[in-house]
Every structure is written in structure tokens, then in C-alpha cells.
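1. sequence first, predicted coordinates after that:
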Amino acid sequence: MAVKKKRKASSETDSAYFFKIVMYLILGSQWIRLVNPELTSQIPIPIGFVIGMFFAAHDHFKIDRKIEYATLTIAMFIGFWIQAGIYITALQ
């Protein structure tokens, strides 16, 4: 007869779970936009998404990683559309 493994119950509170989701939403929506002085072109870089992916891959949160990745991706697209982040004017 096969021995069934017991899953360890999560001791994480709902507020900690909510905080982590909000942290990934805020972090994922951050962009750096390199803008030329004439404001005719820009290069957007999703820096928050990159940092969030690093945290999701190396941190030991008790949230499912798929949820973290999905939250980061949705936040990245929302941050791009609302243009949240830092603008850096590149001098030429």
C-alpha cells in the first residue's frame, strides 16, 4: 500500500498574502523610459518586471510562482499603458 504524503498547512496570514500580491503589482508596473531631448522617441524598459522576476524566482514566498508571474505580467502591461515609471532624458 502506498504511503500518502501529508502536505504542510500554510501558516501565512491573509494580510501577508495580500501584501505580496500588491508588492508584485506595484513592482511590475515600474518602467524606465529613455527619452531624447526633443521628446520625439522613447525606449521603454520594464525594469520592475525584471526585478520582480528575480524576486519570484529566488524568494521563498508561499505563493504559487505561476500566480506571481501572472501578476507581474498583468502589472507590466498596465504600467506601460498608464505610463508609470521614471523618465530619463538622454542628452545628445
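-> Received it, and whenever you're ready, just let me know what you need.
2. residue contacts, the residue nearest the centre of the chain?
-> Computing the C-alpha centroid of the chain and ranking residues by C-alpha atoms, centre = their mean puts residue 28 first, at 3.0 Å. Contacts here follow C-beta atoms under 8 Å, 6 or more residues apart in numbering; on that basis residue 28 touches 48, 49, 52, 71, 72, 73, 74, 75, 76, 79. To be clear about C-beta, it is placed using only N, CA and C from the backbone, and glycine gets the same treatment.
3. so who does the closest residue in space to the first one that isn't next to it in sequence touch?
-> So that's residue 48. Spatial nearest neighbour of residue 48, chain neighbours left out: residue 30 (3.1 Å); criterion: C-beta to C-beta, 6 or more residues apart in numbering. Contact partners of residue 30, counting by C-beta under 8 Å, 6+ apart, are 46, 47, 48, 51, 79, 84, 85, 86.
4. just give me the closest of the residues you listed to residue 21.
-> Proximity of the contacts of residue 30 to residue 21 (C-beta to C-beta) peaks at residue 48, which lies at 14.6 Å.
5. where's the closest one relative to residue 36, distance?
-> Going from residue 48 to residue 36 by C-beta to C-beta, to the nearest Å gives 23 Å.
6. neighbour count: those two, which is higher?
-> residue 48 (23 against 13; other C-beta atoms under 10 Å).
7. need the helices for the chain, in chain order.
-> With DSSP state H, the ranges of helices along the chain come out as 14-28, 47-58, 65-82.
8. export those as TSV, with columns for distance to residue 90 and mean pLDDT.
-> Shown next, in TSV, are the helices of the chain (distance: least, C-beta to C-beta, whole Å; pLDDT from 0 to 100):
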stretch	distance to residue 90	mean pLDDT
helix 14-28	24	88
helix 47-58	16	88
helix 65-82	19	89
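9. all set, thanks.
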